[in-house]
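J.: Pasting the sequence and the predicted coordinates here, then a few questions.
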Amino acid sequence: MPFRALVLTQGADRKVSGAIESLDDSRLPAGDVTVAVEYSTLNYKDGLILTSGGGLVRTWPHVGGIDFAGTVEASDNPAFKPGDKVVLNGWRVGELHWGGYATRARVKGDWLVKLPATISTKRAMAIGTAGYTSMLCVMALQKHGVGPASGEVLVTGAAGGVGSVAVAILARLGYQVVAATGRPQEGEYLKSLGAATILERKELSEAPDRPLSSERYAGVIDTVSGVMLARALAQVKYGGAAAVCGLAGGPAFPGSILPFILRGVSMYGIDSVMLPKAPREEAWRRLGSDLPLDKLDSTVSEAGLGDLMGLGPKILKGEIRGRVVVDVNK
């Protein structure tokens, strides 16, 4: 039976073009579980793939989409059976392996996680890799010992996908959240998610004039890197921690070792792509209980496969608020 997909090709100028095509099942890649995809989503990495490939795709034509959620159609993996509701994040799906911008996907069952009963496939993609990464960041801070009584927690890039969900989770758990954003017009939106304080990005956008500033934050969830991370680290309290997961501001940051050796600050790198299955399952279990799903709904806009080529450049420019859920059947 044919399936529908947004098929991407890269031209000689390295620009990517896309067209919705009807494909035969024989085009699906190797795998032991076939999933009827219901929803996917749009992440920063998807934006790279939709516009230039971002150096992430090896073989063209290609089907992107680093996330998807749906129902198992067929399985040769004993852990899954037809009818199971599943979610996939990472494992280089949508990059090296065809992904979720299609009505059908075939993957290794070891890459899938069964959805908690409290999370629908649509809400799973409202969460997506962004929300799943947010939960991993929160879990890292909690494991370090940063609790609500420890003090303020700073979230950078707070109006974006990862940031929005991080703000909502932290607020639900009782933390005092400082939401840093370059879009001050999003202040009311961030407060509706639970942010206690809105910080304009310009206050963190100049290189620090000294490696240590006054102590303020018990923890940081950083989605930006660059100068903002350096400024944030200089303000972390003694024994505090930063969970870093993004590089919208570039992979380098003009930081100093002094916060680490004079204040005992720790920095946790958060990888959502190749993370083993057990912590993935724990993160999704926690999302089912710790994320206020009613607030999540307020962060979501919807799109179809035909909208993605126009949305790709926008997410790279920071023009997307919250989460975009892609209904692959539209």
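T.: Received, thanks.

J.: When you work out contacts or count neighbours from here on, use the C-alpha atoms and nothing else.
T.: Fine.

J.: okay, now the domains of this protein?
T.: Annotated domains of the chain cover 3-115+299-327, 129-269 [automatic domain parsing].

J.: who wins for proximity to Thr121 among those domains?
T.: Thr121 sits nearest to domain 3-115+299-327 of all the domains of the chain, at 5.3 Å, using Cα to Cα.

J.: so how far is that closest one from its chain's centroid?
T.: Its chain's average C-alpha position is 14 Å from that of domain 3-115+299-327, according to Cα atoms, centre = their mean, to the nearest Å.

J.: Mean confidence (pLDDT) on it, please.
T.: Averaged across domain 3-115+299-327, the pLDDT comes to 96.

J.: residue ranges for the strands of the stretch 1-150 of the chain, please.
T.: 3-10, 16-23, 33-41, 67-75, 85-89, 104-107, 112-114 (DSSP state E, counting those that start in this stretch).

J.: Any chance of these in TSV with mean neighbour count as columns?
T.: Listed next are the strands of the stretch 1-150 of the chain as TSV, based on neighbours: other Cα atoms under 10 Å:
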stretch	mean neighbour count
strand 3-10	21
strand 16-23	16
strand 33-41	26
strand 67-75	24
strand 85-89	26
strand 104-107	25
strand 112-114	20
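
J.: right, and those strands - which one's nearest Ile320?
T.: The closest of the strands of the stretch 1-150 of the chain to Ile320 is strand 33-41. By Cα to Cα, the value is 12.2 Å.

J.: Run the angle between that closest one and strand 67-75 for me.
T.: Computed by axes from the mean of the first three to the mean of the last three Cα atoms, to 10 degrees, the angle separating strand 33-41 from strand 67-75 equals 160 degrees.

J.: Run through the neighbouring helices and strands of strand 33-41.
T.: Under the contact criterion of 3 or more Cα pairs under 8 Å, 6 or more residues apart in numbering; DSSP states H and E, strand 33-41 touches strand 67-75, strand 104-107, helix 121-144, strand 323-327.

J.: Output the ones you listed as a markdown table; include the columns distance to Gln176.
T.: Converted to a markdown table, these look like this (distance: least, Cα to Cα, whole Å):
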| stretch | distance to Gln176 |
| --- | --- |
| strand 67-75 | 30 |
| strand 104-107 | 40 |
| helix 121-144 | 13 |
| strand 323-327 | 23 |
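
J.: Pipe the domains of the chain into CSV and attach distance to Pro279 per row.
T.: Shown next, in CSV, are the domains of the chain (distance: least, Cα to Cα, whole Å):
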stretch, distance to Pro279
domain 3-115+299-327, 11
domain 129-269, 9
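
J.: so which of these gets nearest Leu293?
T.: For Leu293, the closest of those is domain 129-269, at 9.2 Å, according to Cα to Cα.

J.: picking that back up, out of the helices and strands packed on strand 33-41, which comes closest to Ala234?
T.: Among the helices and strands packed on strand 33-41, the nearest to Ala234 by Cα to Cα is helix 121-144 (17.3 Å).

J.: Find the residue at the geometric middle of the protein.
T.: Centroid-nearest residue in the chain: Ala130, 1.7 Å away (criterion: Cα atoms, centre = their mean).

J.: Disregarding residues adjacent in the polypeptide, which is nearest to it?
T.: Nearest residue to Ala130, sequence neighbours excluded (Cα to Cα, 6 or more residues apart in numbering): Val162, at 4.4 Å.

J.: give me every residue that touches the one you found.
T.: Contacts for Val162 (Cα atoms under 8 Å, 6 or more residues apart in numbering) come out as Ala130, Gly131, Thr133, Ser134, Thr223, Gly322.

J.: pLDDT score assigned to the second one?
T.: Translated: Gly131. 92.

J.: count of residues packed around it?
T.: Neighbour count for Gly131, taken as other Cα atoms under 10 Å: 27.

J.: ok, now the third one?
T.: By other Cα under 10 Å, 28 other residues sit near Thr133.

J.: ditto for the one 5 residues further on
T.: Residues within reach of Val138, counting by other Cα under 10 Å, total 24.

J.: That one and Ala171 touch, don't they?
T.: No. Here Val138 lies out of contact with Ala171, judged by Cα atoms under 8 Å, at a distance of 11.1 Å.
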